[in-house]
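Novice: let's see this in three dimensions:
(chains A and B, ligands or ions: 2)
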There are 2 protein chains.
Amino acid sequence: MGAIRNGRTSPKPYRLRKPLISPKSQSGAQLPWAERLLGHPGLLTIAYFLSLTVIIALLLLIPAASREPGSTSPIVALFTALSALSTCGIPVENTATHWTVFGQAIILVGVQLGGLGVMTFAALITLFMNRRMNISQQLLTAREVGVTKLGEVKGVLAMVFATTFLMEAITFVALYPGLLRLNGHHWGIAAWEALFYAVSSFNNTGFTPDASGLYVNNWSVGLPVMVSAFLGTLGFPVLHEMSRTITRRLSPRRWSLHTKLTLSATFVLVAVSLIWFLADEWNNPALFANADASTRLRGALSSAVMPRSSGFDLSWVPWVSDETKLYMSVSMFIGGGSSSTAGGIHVTTFAVLVLTMLATFQGRDEVTAFRKRIPGRIVRSAISMTMACAIVVFVASMALMQVTGRSLTDALFETCSAFSLGGYTVGVADEDNPATMVILGAVMFFGRIGPMTIVYAINKPRGSVVIHYPDEPVSVG
Amino acid sequence: MGAIRNGRTSPKPYRLRKPLISPKSQSGAQLPWAERLLGHPGLLTIAYFLSLTVIIALLLLIPAASREPGSTSPIVALFTALSALSTCGIPVENTATHWTVFGQAIILVGVQLGGLGVMTFAALITLFMNRRMNISQQLLTAREVGVTKLGEVKGVLAMVFATTFLMEAITFVALYPGLLRLNGHHWGIAAWEALFYAVSSFNNTGFTPDASGLYVNNWSVGLPVMVSAFLGTLGFPVLHEMSRTITRRLSPRRWSLHTKLTLSATFVLVAVSLIWFLADEWNNPALFANADASTRLRGALSSAVMPRSSGFDLSWVPWVSDETKLYMSVSMFIGGGSSSTAGGIHVTTFAVLVLTMLATFQGRDEVTAFRKRIPGRIVRSAISMTMACAIVVFVASMALMQVTGRSLTDALFETCSAFSLGGYTVGVADEDNPATMVILGAVMFFGRIGPMTIVYAINKPRGSVVIHYPDEPVSVG
Ligand SMILES: [K+]
Ligand SMILES: [K+]
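Specialist: Ligands and ions are numbered 1, 2, ... in the order given. Take a look at the predicted model:
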């Protein structure tokens, strides 16, 4: 700890008078466009999601999208569009039985655009904030890895698109043989389902062309879906850094604090979930009981990995105990990684909160992890963002209780599922009660861009910013 | 903000090598005793409460304490003793019908000892922490007011005892005429009830010799009880400083940050509660409906002031909506003032959390209030203590759901009532289900000394402590 203190080499603060894009672009022709894009990523994200929501909803209202033409009400179309674009996936209509293949394709396009959109914007915001806060590190040291080294908007976009399509292609290939066998060798149906699962799983949407959960409850389909969904929750910067470990033999020791925190927090959360489900739900016939060892293991893994944001296999959810619903609510509230298709306050935020508590209880003034100090501003961002999200979830739950008369447990579960883009439902979202769709739609929208926008708003460049060195930032939104 | 930054006159940190009691006592003969007392106030408080709980429980088991001799089980006696000593007041037996006057007197003694105990220890801890953190202010400036100027353990004790007995005497005198009239001029009964209400209200216990709520629902009894309970929630340092405003014409502008924050946060919480109850419970016959304006006003005031820690007039509580139960749970979780007989995380902690959120959202690195900066250590203490308390409340609520099968709303309400020492009950505490008494008893005990002990443990003197100036501390436990 002394070493870190001594590392504060520059007592004279560095002042930024205006948003700093990068030395390169300041002399380039693209500056105004890039500056506007980066100057208001929050507004841009909101505009992107709202306009796409309306377009997708209009497409879903086309009679050919529903198996019973004309059976889709505008609010159901809007809710489904928002659910797809936010990569939440709470269904009010059974995806397999209400929508035609055309309707499912619209939903799938929405999922893909939503996933790409949030990955892009989150990566840009992370990049932008890291740049601002890390300017000294970038200029003075050569040890930056990952996203801070990409250096350009185009590079980030290319990387996000390449990562997404590569992951989806691998998932597609892994899924195809199993689905071909399950579909009696109809190659067209198998390809369509493989595509649907591949996009839906990596984007953590949880929409499924098979609502019974039958295919997921099978290793040949379940395992690729689970792995793809899990990797999707880690977030783009972590995937990028992990791939560099393979392609450029980057030692895991030199991973950024962000990657280390994301991976260790994710590991702890999945392990605790596994223990919880085995301990509390062992006798739950929808998950474990009356099944062979293989099914039990798959049920345990699925329930440990999926709830944080993936939302596949809805079949067992309504049958868990109230305590498990609460546990899952907390787990969903925490969510997945930053700059990922997963929602929630994000695992790094959760890690920062826990580290803050540990540091405080040990009487340390500095929050540290992996021999790095987490800057005070990051700590305050994590705390303030979490409080704001908790208030939104709490108020929305109370509103749902009011309009449905359901219990707090169910209202909280459904709100956390919408906020974290988890996509599970205990039936509070109800097509016959438009108020539930309005409330949950608003929560989904907030869940998709709220935490990211809040943290950006907190950390955005101001007229005059004093910067201290040499902290290493963690994105917590 | 510039002024405050410039106010940091001493860049060289002041180091404390060992716990500093006070310049006087270091040369006095009383040092070892005082040092031991102050060195482990957390342990001392735990020992005090546990040993008194056993003694009071044994006294309550005496046949003469129950109206039906022998009808009190050991666990009920222990729970009632803990409920009295912690100044919580959740009853498992009707105070008026189960206990004789002898039994009620034992409970009253428990309440008084519990209230004095916690006031004393809280004041000592506050004094001790303020001293350590404020040493520069004490030595260099002459503007300390209130508790930091008392300077000696004896002084604190004398002040706590004097304040308590003076407040109780005033309440007794204010109550007597009304109770004399209500009891048909039986002066003995009136005196006993006035004494019971006086002690129970200032100590925020909420035990009442009249479970129907009849007397409290009457201005001549209700108003003194309400005022006394309200003043009791403010806490000793605030009462002391307010009294100095009258006796020594201290300008409110020169009040400490602690007093200003406590009073403003309390005002906001009571005002919001008043609006909530009028808005959400207007048609609730147990509170407002079918009543004249005077009764409605009393109901609204009572429901706004009492729930945070006083717990008088249990009659209407089970009849509120689920949303109000949740609102009350939050309100109880926040609780009353530091160093008061009220529980919860305390209003200053809540204020620090809100101020931290506001500062972060405004991009400020410093948490400020009333032109003072709240030190980072206080902010982290507030956050960490709140998280720890939230985890305890959450886990206890889940445990109560498990052993009773009650809803989350009811379990959370009862847990928050125990944690905050609120004393209201929706019937989860059940004499036929000992597990509920064990869980709620543990929560009460934690609620009584947990927040205080956690904050003390965080801020206790360590081998070498670096202090920065000139922050003003707020006690948040
Ligand atoms: K999802
Ligand atoms: K009480």
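Novice: next helix or strand past the helix or strand where A:A81 lies?
Specialist: If you go by DSSP states H and E, A:A81 is part of helix A:74-85. Remark: after helix A:74-85, the chain's next helix or strand is helix A:95-98, criterion DSSP H and E.
Novice: wondering if that following helix reaches ligand 1 at all.
Specialist: No. Shown here: helix A:95-98 not in contact with ligand 1 (C-beta under 5 Å from the ion), separated by at least 12.6 Å. Quick note: C-beta positions are derived from backbone N, CA and C, even for glycine.
Novice: per-residue confidence averaged over that helix?
Specialist: For helix A:95-98, mean pLDDT rounds to 75.
Novice: how about stretch A:264-284?
Specialist: pLDDT averaged over stretch A:264-284 gives 84.
Novice: before we move on, what about stretch A:399-407?
Specialist: Computed over stretch A:399-407, the average pLDDT equals 90.
Novice: do the helix holding A:A81 and ligand 1 come into contact?
Specialist: No. Between helix A:74-85 and ligand 1, judged by C-beta under 5 Å from the ion, nothing touches; the nearest distance is 8.7 Å.
Novice: can you list the buried residues in that helix?
Specialist: Of all the residues in helix A:74-85, those buried under the rule 16 or more other C-beta atoms under 10 Å in any protein chain shown are A:75-85.
Novice: save these as TSV, and put in distance to chain B too.
Specialist: Shown next, in TSV, are the buried residues of helix A:74-85 (distance: C-beta to the nearest C-beta, whole Å):
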residue	distance to chain B
A:I75	25
A:V76	27
A:A77	31
A:L78	27
A:F79	24
A:T80	29
A:A81	30
A:L82	26
A:S83	26
A:A84	31
A:L85	27
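Novice: any idea how far A:I106 is from ligand 1?
Specialist: 18 Å (C-beta to the ion, to the nearest Å).
Novice: any idea how many residues pack against whichever residue of chain A sits closest to ligand 2?
Specialist: Relative to ligand 2, the nearest point of chain A is A:L408 (23.6 Å; C-beta to the ion). Using other C-beta atoms under 10 Å in any protein chain shown, A:L408 has 25 other residues around it.
Novice: repeat for A:G70
Specialist: 8.
Novice: now swap in A:L297 and tell me
Specialist: Neighbour tally, A:L297, other C-beta under 10 Å: 14.
Novice: which stretches of the stretch 301-450 of chain A form helices?
Specialist: A:322-334, A:347-361, A:376-404, A:408-419, A:434-459 (DSSP state H, counting those that start in this stretch).
Novice: out of these, which one sits most buried?
Specialist: Among the helices of the stretch 301-450 of chain A, the stretch with the highest mean neighbour count (mean count of other C-beta atoms under 10 Å in any protein chain shown) is helix A:408-419, at a mean of 28.
Novice: is that helix up against ligand 1 anywhere?
Specialist: No. Judged by C-beta under 5 Å from the ion, helix A:408-419 stays clear of ligand 1, getting no closer than 8.2 Å.
Novice: which other helices and strands contact that helix?
Specialist: helix A:322-334, helix A:376-404, helix A:434-459, helix B:408-419 (3 or more C-beta pairs under 8 Å, 6 or more residues apart in numbering or on different chains; DSSP states H and E).
Novice: looking at these, which is closest to B:A382?
Specialist: helix A:376-404 (9.8 Å; C-beta to C-beta).
Novice: give me the angle between the closest one and helix B:408-419.
Specialist: 130 degrees (axes from the mean of the first three to the mean of the last three C-alpha atoms, to 10 degrees).
Novice: packing partners for helix A:376-404?
Specialist: Short answer (3+ C-beta pairs under 8 Å, 6+ apart): helix A:376-404 packs on helix A:322-334, helix A:347-361, helix A:408-419, helix A:434-459, helix B:322-334, helix B:347-361, helix B:376-404.
Novice: those helices: lowest mean pLDDT?
Specialist: Looking at these, the weakest mean confidence is helix A:434-459, a mean of 82.
Novice: what does the stretch 201-350 of chain A put close to chain B?
Specialist: A:322-323, A:326-327, A:330 (C-beta under 8 Å from any C-beta of the partner chain).
Novice: identify the residue nearest the geometric centre of chain A.
Specialist: Per C-alpha atoms, centre = their mean, the C-alpha nearest to the average position across chain A is that of A:A342, at 1.3 Å.
Novice: thinking again about what came up before, including distance to A:S381, could the helices and strands packed on helix A:376-404 go into a markdown table?
Specialist: Shown next, in a markdown table, are the helices and strands packed on helix A:376-404 (distance: least, C-beta to C-beta, whole Å):
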| stretch | distance to A:S381 |
| --- | --- |
| helix A:322-334 | 16 |
| helix A:347-361 | 8 |
| helix A:408-419 | 18 |
| helix A:434-459 | 5 |
| helix B:322-334 | 23 |
| helix B:347-361 | 6 |
| helix B:376-404 | 13 |
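Novice: right, so of those, which gets closest to B:F49?
Specialist: Here helix B:376-404 is closest among the helices and strands packed on helix A:376-404 (C-beta to C-beta), at 16.8 Å.
Novice: report the angle between that closest one and helix A:322-334.
Specialist: Using the same axes, to 10 degrees: helix B:376-404 against helix A:322-334 is 150 degrees.
Novice: how far does helix B:376-404 sit from the chain's center?
Specialist: 17 Å (C-alpha atoms, centre = their mean, to the nearest Å).
Novice: still on that earlier bit, which elements pack onto the helix holding A:A81?
Specialist: Partner elements for helix A:74-85 (3+ C-beta pairs under 8 Å, 6+ apart): helix A:41-60, helix A:101-133, helix A:434-459.
Novice: if you set the cut-off to 10 Å instead, what comes out?
Specialist: With contacts taken as 3 or more C-beta pairs under 10 Å, 6 or more residues apart in numbering or on different chains; DSSP states H and E, helix A:74-85 sits against helix A:41-60, helix A:95-98, helix A:101-133, helix A:434-459.
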